[in-house]
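*Asks:* Prediction below, plus the sequence it came from.
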Amino acid sequence: MRDCWARPVGDCLETLLAVKNLNVAYRSADGSTQVAVENASCEIGAGEVLGLMGESGCGKTSIALALLGLLGAEQAQVSGSIQFRGKELLTMGEREMREIRGSGISMVFQEPGIALNPVMRVREQVAEVIHAHKQMSWEKCQEEAQSALVRVGLPDTPRIFSAYPHQLSGGQRQRVTLAQALACEPALVIADEPTAAVDARSQQELLRLLQQLQREMGIAILMISHSAEVQARLADRLMVMERGRIVEQGRFEELYRRPSHPCTRAMLRAPMAADDAEELDFATVT
Amino acid sequence: MKVESNLNSGRTEPLLRVTGLSQQFVQRRTLSRSKFTVNAFSDVDLALFAGRTLALVGESGAGKSSLARCVALLDQPTAGKIELEGRDLLALGRKALIPIHGQIQMIFQDPTSAMNPSRSAGEIIAEPLVVQGEGTKAQRRERALHLMEQVGLDPRSEGKRPFEFSGGQRQRLAIARGLALGPRVLIFDEVLSNLDALNQSLILRLLADLQRSHSLAYLHVSHDLRLVSEFADDVALMCEGQIVEQQDARKLFESPKHSYTRDLLATVQSVDSILLERSA
């Protein structure tokens, strides 16, 4: 592993998030534990996009959930250190953590259909996020919510603002979750396969939008995606995981041109050597 | 908008032929008696050949899945014909259709929701055999173990439940179940879209091997044109319920005729061209 690339690109970037030796192990009903993340270390600079790739089940989402403090003690053992703006998140109390979620670190989920409340109008769902973090009247929050919805490229009409999620298309719904995530102008957004559930055209539009907002607002993004094309468009650096471990990280283009781990090569669809394929095939089946 | 199908020029008779197939859904307006019809798809012609893959491509809502379900005999079309080796399947009664279901099998996008979570892998694979009343219990188990091996699963995990497998393994399990009755036509509905790049290429390789050894005819529904270019022999492009272009895959990617196809192809960008765009 190229350790020098474990740090953000360029020394001028201020470190926003530093993860050191993170371990996540899920508890199962019979008392045994299942290791999901092993000794993961990485850093994200302010305004930087870090891509995260890996097979299904390799621990990508577990890292995301650990960063947000969403893994309860009864559910999983989490150890190591996660520092956000110099503050340790793993030992932080629930009240303080709640302040960070949404306004410091927020998340965009894969399935907007599941992430949104089906019986609440979308403007209210976005206003809720703002209301939780800012001392403002509900009416003012609703106004802010409208401008957040317009910012993500939704048309400025009452038809959209007062719509229920099922009245919107998949692409529009994903924009609503994006508006929620960006409403309080967080420093870091974790995007977990944000474009997997939409078709090619909406995918392109969403990525352009994400890129544009990221630049305008100077947000850092942890981009979890299987797609090499998605990573190529957004990621400054890339991190590849295999079975709970980070096997390689570095500048995206560097990894794409000269992948050193077979898993990276497979994920980025660089031409695969025959024996690599066989080795990986064996690994997935057993 | 109908296009001349040039798939069967100079080739043997198709295994499965679909002609003029249409499906309408009748819906009622909320709190009203007035009804209106929605055309899921209309006047579709397709031909599937043994040993070849026809990709059905289109954006969400184009009617791909509705069409695939009708071809798999899971839904009733409103009009048209589906012929398996010249035999009109829609004219058959329910009883006569039961053995036909074994010949045409469908594999779905989300294997988790397509399986009974409380059954073991072995039971799930053997279930179609139970339904069709084939073999003794021991024979069915033997067949299930053989199928697991064929799709690259360890037969020793026959007792595991679906949730104990990874996404890629679960899709292999679904494929094994699809193969249980020895079908000749397999219909895939976005079976790769929930998988990562590595599992996608492994599953594609498995499908190609199975097709070669069993000379299966595939109808593969997908919205991912980049993947389609890797596996398809022929491509049918669907837009708003109609097939707008049907072509040999290589010809379609080299010189698309329809403007919709060109639009769709323009959304596919390689990593190299994206990187070039970014550095500019």
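*Replies:* Thanks, I have the structure now.
*Asks:* Tell me who's in contact with residue B:236.
*Replies:* Residues near residue B:236 by C-beta atoms under 8 Å, 6 or more residues apart in numbering or on different chains: B:46, B:54-57, B:243, B:245-246. C-beta: built from backbone N, CA, C; applies to glycine.
*Asks:* Which pLDDT value belongs to residue 187?
*Replies:* Picked chain A for this. Per-residue pLDDT puts residue A:187 at 95.
*Asks:* switch to chain B, that's the one I care about
*Replies:* 97.
*Asks:* got it, and residue A:197?
*Replies:* What the model reports as pLDDT for residue A:197 is 73.
*Asks:* swap in residue A:205?
*Replies:* 87.
*Asks:* these two touch, right, it and residue A:169?
*Replies:* No: applying C-beta atoms under 8 Å, one finds residue A:205 not in contact with residue A:169, separated by 11.6 Å.
*Asks:* For those two, work out which one has more neighbours and name it.
*Replies:* Neighbour totals were compared for residue A:205 and residue A:169, and residue A:205 leads with 16 against 13 (other C-beta atoms under 10 Å in any protein chain shown).
*Asks:* what residues does the stretch 101-250 of chain A put near chain B?
*Replies:* A:170, A:196, A:198-201, A:203-204, A:226-229, A:232-233 (C-beta under 8 Å from any C-beta of the partner chain).
*Asks:* I would like a ChimeraX command selecting only the buried ones among these, please.
*Replies:* Applying 16 or more other C-beta atoms under 10 Å in any protein chain shown to these, the buried members can be selected in ChimeraX as follows:
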select /A:170,196,198,199,200,201,203,204,226,227,228,229,232,233
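*Asks:* before we move on, the earlier item: quick one: which of the contacts of residue B:236 is nearest to residue A:150?
*Replies:* residue B:57 (33.5 Å; C-beta to C-beta).
*Asks:* Pull the contacting residues for that closest one.
*Replies:* Per C-beta under 8 Å, 6+ apart, neighbours of residue B:57: B:64, B:222-223, B:225, B:228, B:235-238, B:264.
*Asks:* ok, and for stretch A:36-48, which residues are buried?
*Replies:* Burial within stretch A:36-48, assessed by neighbour count using 16+ other C-beta under 10 Å, is assigned to A:36-38, A:40, A:42-48.
*Asks:* same deal with stretch B:244-258?
*Replies:* Residues B:244-247, B:249, B:252-253, B:256, B:258 are the ones in stretch B:244-258 that count as buried (16+ other C-beta under 10 Å).
*Asks:* Could I get the CA-only coordinates of it as CSV?
*Replies:* The C-alpha coordinates for stretch B:244-258 follow below in CSV (Å, rounded to 0.1, in the frame of the first residue of the first chain):
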residue,chain,number,x,y,z
VAL,B,244,-37.6,1.6,-31.9
GLU,B,245,-34.5,-0.2,-33.1
GLN,B,246,-33.5,-3.9,-33.3
GLN,B,247,-30.1,-4.7,-34.5
ASP,B,248,-27.0,-6.8,-34.4
ALA,B,249,-25.2,-5.5,-31.3
ARG,B,250,-22.0,-4.6,-33.1
LYS,B,251,-23.9,-2.7,-35.8
LEU,B,252,-26.0,-0.9,-33.3
PHE,B,253,-23.0,0.4,-31.3
GLU,B,254,-21.1,1.4,-34.5
SER,B,255,-23.8,3.0,-36.4
PRO,B,256,-27.1,3.6,-34.5
LYS,B,257,-30.0,4.4,-36.9
HIS,B,258,-32.5,5.9,-34.5
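*Asks:* Run the chain-centre distance for that stretch.
*Replies:* Distance, stretch centre to chain centre, for stretch B:244-258: 20 Å (C-alpha atoms, centre = their mean, to the nearest Å).
*Asks:* Contact partners for residue 167?
*Replies:* As the question left the chain open, I've gone with chain A. Applying C-beta under 8 Å, 6+ apart, no residues qualify as near residue A:167.
*Asks:* Can you look at chain B instead?
*Replies:* Here residue B:167 is in contact with A:56-57, B:111, B:194-196, B:199 (C-beta under 8 Å, 6+ apart).
*Asks:* What is the nearest of the residues you listed to residue B:36?
*Replies:* Relative to residue B:36, the closest of these is residue B:194; by C-beta to C-beta it sits at 33.7 Å.
*Asks:* My guess is the closest one contacts residue B:109. True?
*Replies:* Yes: the pair residue B:194 / residue B:109 is scored as a contact, 6.3 Å apart, by C-beta under 8 Å.
*Asks:* Next, show the common contact partners of the two.
*Replies:* Common neighbours of residue B:194 and residue B:109 are not found (criterion: C-beta under 8 Å, 6+ apart).
*Asks:* on that earlier part again, return the subset of the contacts of residue B:57 lying in helices.
*Replies:* Assignment to helices by DSSP state H places the following of the contacts of residue B:57 there: B:64, B:225, B:228, B:264.
*Asks:* of these, closest to residue A:80?
*Replies:* residue B:225 (41.6 Å).
*Asks:* give me the number of residues near the closest one?
*Replies:* Residues lying near residue B:225 (other C-beta under 10 Å) number 20.
*Asks:* what's the distance between the closest residue to it other than its chain neighbours and residue B:195?
*Replies:* In space, and not counting its chain neighbours, residue B:225 is closest to residue B:268: 4.9 Å by C-beta to C-beta, 6 or more residues apart in numbering or on different chains. The gap separating residue B:268 from residue B:195 is 19 Å, by C-beta to C-beta, to the nearest Å.
*Asks:* More neighbours: the two, which one.
*Replies:* For residue B:268 versus residue B:195, neighbours defined as other C-beta under 10 Å are more numerous around residue B:195 (22 against 17).
*Asks:* Enumerate the residues of the stretch 151-280 of chain B near chain A.
*Replies:* Residues of the stretch 151-280 of chain B lying near chain A by C-beta under 8 Å from any C-beta: B:152-154, B:166-169, B:193-199, B:201-202, B:223-226, B:264, B:267-271, B:274-275, B:278.
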